[in-house]
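Novice: This is the structure alone, sequence omitted:
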């Protein structure tokens, strides 16, 4: 597909994007935008403006190429003079003459507020903060559509990339059995030392017996997968970000989780199509049409799949399977299934494609999402009234004492399970016993939360749609 041809009908128009949140994603986007002919980012916003200024310096913007602005008129004047306006207040950024706002703060409440505000001001929205998307993305998308705007996840992050790969496979008529991603870090096995490293080598665990499980049996691989998982039990194999990212895909498609926490097996790339197929065909799935995650096990000399996305497709004719096998794609030993995949996500390097698609073509990567499932949490210890639900592991968004999972979405009435990111940071109003799903009535509801307000509006919209 010729991407340049897709945008040719827009003539020479340049897309003006405002970026809110200049972390890792934002820095890569600012840098890439400097090389993208149809895209400019004339306004940056971060609660620490020095982070935005540092990003501009990294991108090669000269010292006189930006201006720290305290007001909308100052920012407009800076943009008119060809400088990048740097602000600390997102409420001012959305008032600027921009086409699209990129929300990349990673802070769920801030993301919800900024996205809603941007839509109110007539701006398209590219949502990078998947935590807010998991709670109220369909409401923001509906508001954007009603205003003639686009609300979209982004390429460069797994939900957007997987939606693109999934739509490509389905457009070609390939029956999708399973779609998903690899966990964020490979499990790299050194056969000589018996050590497994992850997080880029920062963490290690001894597992010499893993060599005995290196090859899966042709069928009934469950015991071997269970052994691998046990040998690597010191490594997190299910994380909140993985569940959150795949929830965005579930709510944008007709796919469902096969099990609430995903199977999340430890397996090598070549094993994916054999494992992620139905049980009656030798795999571990109860049905076709599911979303799942796996932990990529590989040797140090094998290519990475860390954070990549995939689809397992059914090959109903032997010829299709043979073509994929001959072209080097992972396939099952018996004709029938193959995996097609994109092994990398490039953050802001490829996000410009989403911004151009939204503004120049008026298209979203997720045109009409519905809140089909929620990311919720079950207590794995007793909690007491007055305790605050705090994230203990910020890397994995983990709250010790809660086990997250995906469950069919329900309106947030009394007793209904509460979405994970509505609960974190909140105080419990009553005791919660071990084994209980954390529910709406167990958490103190804030009076001024945009996230909670968006979810209430979403529940009312879904109720109206069903009546």
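Specialist: That came in fine, so what should we check first? Note that the structure is predicted; figures quoted are calculated from it, not measured.

Novice: OK, contacts around residue 256?
Specialist: Going by Cβ atoms under 8 Å, 6 or more residues apart in numbering, residue 256 touches 250, 289-291, 372-373. (Glycine included, C-beta is placed from N, CA and C.)

Novice: got the residue ranges for the helices in the stretch 301-450 of the chain?
Specialist: Using DSSP state H, counting those that start in this stretch, the helices of the stretch 301-450 of the chain run over residues 318-326, 351-361, 420-423, 450-466.

Novice: and residue 136, what helix or strand is that in?
Specialist: Here residue 136 sits within helix 130-146, counting by DSSP states H and E.

Novice: returning to that earlier point: and the contacts of residue 256 as JSON lines, adding pLDDT?
Specialist: Output for the contacts of residue 256, formatted as JSON lines (pLDDT from 0 to 100):
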{"residue": "250", "pLDDT": "98"}
{"residue": "289", "pLDDT": "98"}
{"residue": "290", "pLDDT": "98"}
{"residue": "291", "pLDDT": "98"}
{"residue": "372", "pLDDT": "97"}
{"residue": "373", "pLDDT": "98"}
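
Novice: Of these, which is the nearest to residue 159?
Specialist: Set against residue 159, the nearest of the contacts of residue 256 by Cβ to Cβ is residue 250 (9.8 Å).

Novice: Can you give me the neighbour number for residue 146?
Specialist: 9 (other Cβ atoms under 10 Å).

Novice: hang on, I meant residue 51
Specialist: When counting by other Cβ under 10 Å, one arrives at 17 neighbours for residue 51.

Novice: Contact partners for it?
Specialist: 22-23.

Novice: so is it in a helix, a strand, or just coil?
Specialist: Following DSSP: H, G, I helix; E, B strand; the rest coil, the label given to residue 51 is helix.

Novice: I'd like the distance from it to residue 346, if you could.
Specialist: Distance, residue 51 to residue 346, using Cβ to Cβ, to the nearest Å: 21 Å.

Novice: just residue 376 next, same as before
Specialist: Distance, residue 376 to residue 346, by Cβ to Cβ: 31 Å.

Novice: More neighbours: which of these two?
Specialist: Higher neighbour count among residue 376 and residue 346: residue 376, with 26 against 14, using other Cβ under 10 Å.

Novice: who's that one bridged to?
Specialist: Per DSSP bridges, the residues bridged to residue 376 are residue 405.

Novice: Hmm, it is touching residue 402, no?
Specialist: No: counting by Cβ atoms under 8 Å, residue 376 stays clear of residue 402, with 9.4 Å between them.

Novice: shared neighbours, the two?
Specialist: Joint contacts of residue 376 and residue 402 (Cβ under 8 Å, 6+ apart) are 420, 438.

Novice: mind giving me the domain ranges of this structure?
Specialist: Domains of the chain are assigned by automatic domain parsing as 3-156+348-361, 160-345, 373-466.

Novice: Just name the most buried of those domains.
Specialist: With neighbours taken as mean count of other Cβ atoms under 10 Å, the domains of the chain reach their highest mean count in domain 3-156+348-361, at a mean of 21.

Novice: distance between the ends of stretch 340-358?
Specialist: 26 Å (Cα to Cα, to the nearest Å).

Novice: ok now it, how far from the chain's centre?
Specialist: 12 Å (Cα atoms, centre = their mean, to the nearest Å).

Novice: mean confidence score for it?
Specialist: Across stretch 340-358, the average pLDDT comes to 94.

Novice: give me the element the most centrally placed residue in the chain is part of.
Specialist: Nearest to the mean C-alpha position of the chain, by Cα atoms, centre = their mean, lies residue 245 at 3.2 Å. Assigned by DSSP H and E, residue 245 belongs to helix 240-252.

Novice: downstream neighbour of that helix in the secondary structure list?
Specialist: Using DSSP H and E, the helix or strand that follows helix 240-252 towards the C-terminus is strand 256-257.

Novice: Okay, now the sheet partners of that following strand, with direction.
Specialist: Assessed with DSSP bridges, strand 256-257 is paired to strand 290-299 (parallel).

Novice: how far does the strand it pairs with sit from the chain's center?
Specialist: Relative to its parent chain, strand 290-299 has a centroid offset of 16 Å by Cα atoms, centre = their mean.

Novice: And for stretch 126-138?
Specialist: 9 Å.

Novice: same check, this time on stretch 410-428
Specialist: On Cα atoms, centre = their mean, the centre of stretch 410-428 falls 21 Å from the chain's centre.

Novice: is it true that residue 397 touches residue 240?
Specialist: Yes: the pair residue 397 / residue 240 is scored as a contact, 4.0 Å apart, by Cβ under 8 Å.

Novice: any residues in contact with both of the two?
Specialist: Going by Cβ under 8 Å, 6+ apart, no residue sits against residue 397 while also sitting against residue 240.

Novice: just to revisit the earlier point, distance to residue 393 added to the contacts of residue 256, as a markdown table?
Specialist: Shown next, in a markdown table, are the contacts of residue 256 (distance: Cβ to Cβ, whole Å):
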| residue | distance to residue 393 |
| --- | --- |
| 250 | 24 |
| 289 | 32 |
| 290 | 27 |
| 291 | 23 |
| 372 | 28 |
| 373 | 23 |
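
Novice: what about residue 428, distance to residue 273?
Specialist: Shown here: residue 428 relative to residue 273, a distance of 44 Å by Cβ to Cβ.

Novice: before we move on, what about residue 194?
Specialist: 28 Å.

Novice: Also residue 40?
Specialist: As judged by Cβ to Cβ, residue 40 and residue 273 stand 43 Å apart.

Novice: can I assume residue 366 is in contact with residue 163?
Specialist: Yes: Residue 366 lies in contact with residue 163 (Cβ under 8 Å); the separation is 5.9 Å.

Novice: which neighbours do these two share?
Specialist: In contact with both residue 366 and residue 163: 153, 252, using Cβ under 8 Å, 6+ apart.

Novice: Residue 464 and residue 414, how far apart?
Specialist: From residue 464 over to residue 414 the distance is 20 Å, taken as Cβ to Cβ.

Novice: low pLDDT regions in this protein?
Specialist: 467 (pLDDT under 70).

Novice: hang on, the earlier thing: out of the contacts of residue 256, which comes closest to residue 174?
Specialist: Of the contacts of residue 256, the one sitting nearest to residue 174 (Cβ to Cβ) turns out to be residue 289, at 12.8 Å.

Novice: Contact partners for the closest one?
Specialist: By Cβ under 8 Å, 6+ apart, the contact set of residue 289 is 176-177, 254-256.

Novice: same check, this time on residue 425
Specialist: Applying Cβ under 8 Å, 6+ apart to residue 425 gives the contacts 388-391.

Novice: Kindly indicate which of those lies nearest residue 213.
Specialist: residue 391 (33.3 Å).

Novice: Any chance of the backbone angles for that closest one?
Specialist: When read as degrees, to the nearest 10, the backbone of residue 391 gives phi -70, psi 120.
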